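Pasted the sequence and its predicted model underneath.
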Amino acid sequence: MSPDELAAHKKWQRAHKPGPAIERERIRMERRQNADLRERIERMKAEEQQTPVSPTVAALQTDIAALRAELDRVRIARELSNAIANSLGVFG
């Protein structure tokens, strides 16, 4: 094989992944679907940012955030009290 043919063959090998054609096609299809999904998500986010939020929705979102913060605080306090109750302490 001449150096030019060898270079062309190596270039072809790098461009073509090994494995069955059906597997390569499945991977290509997954990439296309993932790209399509990412594009749709970005489009939805852009539309969501353009849509004005009503005062009621804004108030509800604020309440939800406050309740989630309170829930996190309660969970941490419960975990801490359980850890203290389950430990034997310094003298145990």
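Cool, got the structure.

mind giving me the domain split of this structure?
Listed by automatic domain parsing, the domain ranges of the chain are 18-51, 53-87.

Neighbours of Ala66, how many?
Counted with other C-beta atoms under 10 Å, residues neighbouring Ala66 total 10. (Each C-beta comes from the backbone N, C-alpha and C, glycine too.)

What's the separation between it and Leu60?
Ala66 is 11 Å from Leu60, where distance means C-beta to C-beta, to the nearest Å.

Then Asp72?
Counting by C-beta to C-beta - Asp72 and Leu60 are separated by 19 Å.

for Gln49, same thing?
Separation of Gln49 from Leu60 (C-beta to C-beta): 18 Å.

neighbour-wise, which of these two wins?
Of the pair Gln49 and Leu60, Leu60 is the one with more neighbours under other C-beta under 10 Å, namely 12 against 8.

Return the residues in contact with that one.
Counting by C-beta atoms under 8 Å, 6 or more residues apart in numbering, Leu60 makes contact with nothing.

Three-state assignment for it, please.
Under DSSP: H, G, I helix; E, B strand; the rest coil, Leu60 falls in the helix class.
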